[in-house]
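Q: starting from these lines, generate the structure:
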Amino acid sequence: NGYAQSYVGPLAGVVENSNIFGCRVDGGSVDGDEYVGGLIGAVMSGSSIADCDTSASVSGSNNIGGFTNWGSIDGGFSKIKDCYAQGAVTGDDYVGGFVGDSSNIEIMNCYSTGQVTGTTHTGGFSGYNVNEEPVEDNVIGCFWDTTSSNQSTSAAGDGRETADMQDCNTYLSAGWDFAGETANGPSEDWAMPDGGGYPILWYELTTPPDLPTFSGGIGSVGEPYQIATAAQLNQIGHNPRLMDKHFRLTGDVDLGGLKYYMIANRPYSFSGIFDGADHTISNMSVETDFEYELSYAGFIGCLKGYEASLSNLILSEPNVFSIMGMGVGSLVGMNEYGTINNCHALDAHVIGMTVVGGLAGGNYWNASISECSASGYVSRPVMDDFSGGFIGGLAGENYRSEIINSYAKCDVQADYIVGGLVGNNSGSITVSHSSGTASGVDAVGGFVGSNSRRITMSYSTGAASGVEGVGGLVGWNYGSIAMSYSTGAA
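A: Numbering: from 1, shown residues only. Next up, the predicted model:
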């Protein structure tokens, strides 16, 4: 129509609450006015992007990025990991080789090489970066080529000359996971091209890397991969080719003294089947710091999909600590649409900032937890400047999902929306109970901190304590409660 457009990208103009993996744009040009990117115009809240690249040239006025631009955090942080941009970028304000404005979005292990031309707020990797949330560093392990970009500065990222940008050791020292090495993990995200050059993604290799070897199976429903040892379990990680496969334990596994590589840490998700076959995984330890504060944390970071399931598994003495974690549990950080059945956390120690549970952090969107239990301690980090909430003995939040025939015996402590079984329930809880203590400030319940949907045939025997909105069964109730009771003090 003759008018320059805003929110322009060859894959999408805007993404929100979306998951994008393994997409690439090979050459071409992208032109617009504001929010123009080589892959996506703007990334809004709650999106996950990984294993993508673009070499399109990008031009416009404001918020111009070689890969994308930040848009909004109203519905939660977004994350970009293991991506790169190689096209030239031209604009006026908020211009970057990878992203025009990188504020309030986590970007890990990404790079850019294109020439960057702008007037104000212009940088080799990012034109602008000022965070509204308590984040020490939201651009982690990222690089830009100071020679090819013609930019010596950037609001975020690490600038290197071309020779260093084409040296694998530059990225290995920053923790990037390359095919053929194990020091940085088992997932094999990156590779160096034959004949030299900048890193490429694993699927760009002429011959893909070999998949890990397990004790048997082919990863299908009928023939799941057989896991017999801790080393075999630790081979899964977030390997993109294993995220929809099926696994079965053939014996107990002790992770004591080992670094555990979390399955499907954000932005990846596990959509397959993991059957513990009634075996026990002992002494698992997951710890994330400010560099991973926006990641889910647990044995599986994110279980996602209507066919995804986790069953028949015991975690003995799991320890999960995520200093700014949003979605933290011993078994899963976040369960979206998936099914968890007959899983138990014994003597768990789980600490996160919000949506934290002894078994699952969040149980969202028609997800199900049944025949499950958790015992131990659930809390938030001791940080004077911040408060934590949506914390429960079994799950931090049950949102439009169900919990059936499950229980928790955890001591739970946080600031707001704290429950012996579930912190916040806006789903269905049936035939379940809790017996641990719940303590906080506001909306504290021996069973559920805040209820806006349905609790049926359930009870609590644990004590609840707080300042306001305190109840033996429920702290704040806006929904229905039927055939349920409490014998605990409040």
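
Q: helices of the stretch 201-350 of the chain, residue ranges please.
A: For the stretch 201-350 of the chain, the helices defined by DSSP state H, counting those that start in this stretch occupy 230-233.

Q: which parts of it are strands?
A: Shown for the stretch 201-350 of the chain, the strands assigned by DSSP state E, counting those that start in this stretch span residues 225-227, 246-249, 253-254, 273-282, 285-288, 300-304, 309-316, 319-322, 326-329, 332-336, 339-351.

Q: measure the most centrally placed residue in the chain to Gly325 for me?
A: Nearest to the geometric centre of the chain sits Arg266, at 2.7 Å (CA atoms, centre = their mean). Separation of Arg266 from Gly325 (CB to CB, to the nearest Å): 10 Å. The way it works is simple: take the backbone N, C-alpha and C, and place the C-beta from them, glycine included.

Q: name the residues contacting each of these two.
A: Each of Ser295, Tyr296, Gly333 lies in contact with both Arg266 and Gly325 under the rule CB atoms under 8 Å, 6 or more residues apart in numbering.

Q: by neighbour count, which of those residues wins?
A: Gly333 (35 neighbours; other CB atoms under 10 Å).

Q: ok, now how distant is it from Ile20?
A: For Gly333, the distance to Ile20 - CB to CB - is 20 Å.

Q: show me what contacts Phe447?
A: Phe447 touches 419-422, 433-434, 455, 458-460, 472-474, 484, 486, counting by CB under 8 Å, 6+ apart.

Q: can I get the buried part of those residues as one ChimeraX selection?
A: Selection of buried members from the contacts of Phe447 for ChimeraX, criterion 16 or more other CB atoms under 10 Å:
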select :419,420,421,422,433,434,455,458,459,460,472,473,474,484,486
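
Q: of the contacts of Phe447, closest to Val25?
A: Val422 (43.1 Å; CB to CB).

Q: tell me the phi and psi of the closest one?
A: Backbone dihedrals for Val422, given as degrees, to the nearest 10, come out at phi -140, psi 140.

Q: pLDDT score assigned to the residue nearest to it when sequence neighbours are not counted?
A: Counting by CB to CB, 6 or more residues apart in numbering, Val422 lies nearest to Gly392, which is 4.1 Å off, once chain neighbours are set aside. On pLDDT, Gly392 comes in at 98.

Q: Gly392 reaches Ile429, doesn't it?
A: No. Using CB atoms under 8 Å, Gly392 is not in contact with Ile429; the gap is 10.5 Å.

Q: compare the two (neighbour count), which wins?
A: Counted by other CB under 10 Å, Gly392 and Ile429 do not tie: Gly392 has more neighbours, with 40 against 30.

Q: partners of that one in the sheet?
A: Gly392 has these beta-bridge partners by DSSP bridges: Gly357, Gly419.

Q: from the contacts of Phe447, which is closest to Gly446?
A: Out of the contacts of Phe447, the member with the shortest distance to Gly446 (by CB to CB) is Ser460, at 3.8 Å.

Q: state the pLDDT value of that closest one.
A: 98.

Q: wait, what's in contact with it?
A: 420-421, 433-435, 445-447, 472-473, 485-488.

Q: so which of these sit within strands?
A: Counted as lying in strands by DSSP state E, out of the contacts of Ser460, are His433, Ser434, Gly445, Tyr485, Ser486.

Q: between those residues, which is closest to Asp137?
A: Gly445 (36.7 Å).

Q: can you get me a residue count around the closest one?
A: Gly445 has 38 nearby residues by other CB under 10 Å.

Q: you'd agree it is up against Gly471?
A: Yes. Gly445 lies in contact with Gly471 (CB under 8 Å); the separation is 5.0 Å.

Q: next, format the shared contacts of Arg266 and Gly325 as a markdown table and append distance to Ile140 and pLDDT.
A: Shown next, in a markdown table, are the shared contacts of Arg266 and Gly325 (distance: CB to CB, whole Å; pLDDT from 0 to 100):
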| residue | distance to Ile140 | pLDDT |
| --- | --- | --- |
| Ser295 | 11 | 72 |
| Tyr296 | 16 | 90 |
| Gly333 | 19 | 97 |
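
Q: can I get those in a markdown table with distance to Ala230?
A: Formatted as a markdown table, the shared contacts of Arg266 and Gly325 follow (distance: CB to CB, whole Å):
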| residue | distance to Ala230 |
| --- | --- |
| Ser295 | 22 |
| Tyr296 | 22 |
| Gly333 | 21 |
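
Q: that older thread, how about the contacts made by the residue nearest to Val422?
A: So Gly392 contacts 356-358, 378, 408, 412, 418-424, 448-449 (CB under 8 Å, 6+ apart).

Q: and if you look at Ser149?
A: Ser149 neighbours (CB under 8 Å, 6+ apart): Gly97, Ser112, Thr113, Gly114, Gln115, Val116, Gly124.

Q: poorly predicted segments of the stretch 101-250 of the chain, please.
A: 132-136 (pLDDT under 70).

Q: let's see it at 90
A: 103-106, 130-138, 180, 182, 194-195, 206-210 (pLDDT under 90).

Q: how far away is Asp145 from Asp442?
A: 50 Å.

Q: and the pLDDT for Ser426?
A: 98.

Q: I'd like the numbering to begin with 49 instead of 1 from here.
A: New numbering, starting at 49: the last item is Ser474.

Q: tell me who's in contact with it.
A: Contacts of Ser474 by CB under 8 Å, 6+ apart are Glu445, Asn446, Tyr447, Arg448, Asn499, Ser500, Arg501, Gly527.

Q: can you tell me which of the residues you listed are buried?
A: Glu445, Asn446, Tyr447, Asn499, Arg501, Gly527.

Q: Ile112 is in contact with Gly135, isn't it?
A: No. In terms of CB under 8 Å, Ile112 does not count as a neighbour of Gly135; the distance is 11.1 Å.

Q: which of those two has more neighbours?
A: Ile112 (36 against 25).

Q: hmm, back to that, export the buried ones among the contacts of Ser474 to a markdown table and tack on pLDDT and secondary structure?
A: A markdown table is the format used below for the buried ones among the contacts of Ser474 (pLDDT from 0 to 100; DSSP: H, G, I helix; E, B strand; the rest coil):
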| residue | pLDDT | secondary structure |
| --- | --- | --- |
| Glu445 | 98 | strand |
| Asn446 | 98 | strand |
| Tyr447 | 98 | strand |
| Asn499 | 98 | strand |
| Arg501 | 97 | coil |
| Gly527 | 97 | coil |
